[in-house]
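Student: Structure here, sequence nowhere to be found:
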């Protein structure tokens, strides 16, 4: 195993939320101030523009989420 691979094996990356492309529901809740339950409700429909499904896991596309929230009057 190469030295790089050994270093990467146990590495954990602490990327600030505002630099991530996609957020977990919990990260999006902390980022936006919107509750986890409300985010689950918002991302449950197939026409949600800012949800990315990876199998059964949902991620929030941060830039599109920002734009969406910026246009909304009420959620």
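Tutor: Structure received. These numbers were taken from a predicted model, which means no experiment stands behind them.
Student: From here on, just use CA atoms for contacts and neighbour counts.
Tutor: Will do.
Student: Quick check: next helix or strand after the lowest-mean-pLDDT helix or strand in the chain?
Tutor: The weakest-scoring helix or strand in the chain, judged by mean pLDDT, DSSP states H and E, is helix 3-9 (a mean of 57). Following helix 3-9 in sequence order, the next helix or strand is strand 22-23 (DSSP states H and E).
Student: Work out the gap between that next one and the centre of the chain.
Tutor: Relative to its chain's centre, strand 22-23 lies at 2 Å (Cα atoms, centre = their mean, to the nearest Å).
Student: again, but for stretch 48-56
Tutor: 10 Å.
Student: which one is the most centrally placed residue in the chain nearest to, not counting chain neighbours?
Tutor: Central residue of the chain (Cα atoms, centre = their mean): residue 23, 1.5 Å from the mean position. In space, and not counting its chain neighbours, residue 23 is closest to residue 60: 4.9 Å by Cα to Cα, 6 or more residues apart in numbering.
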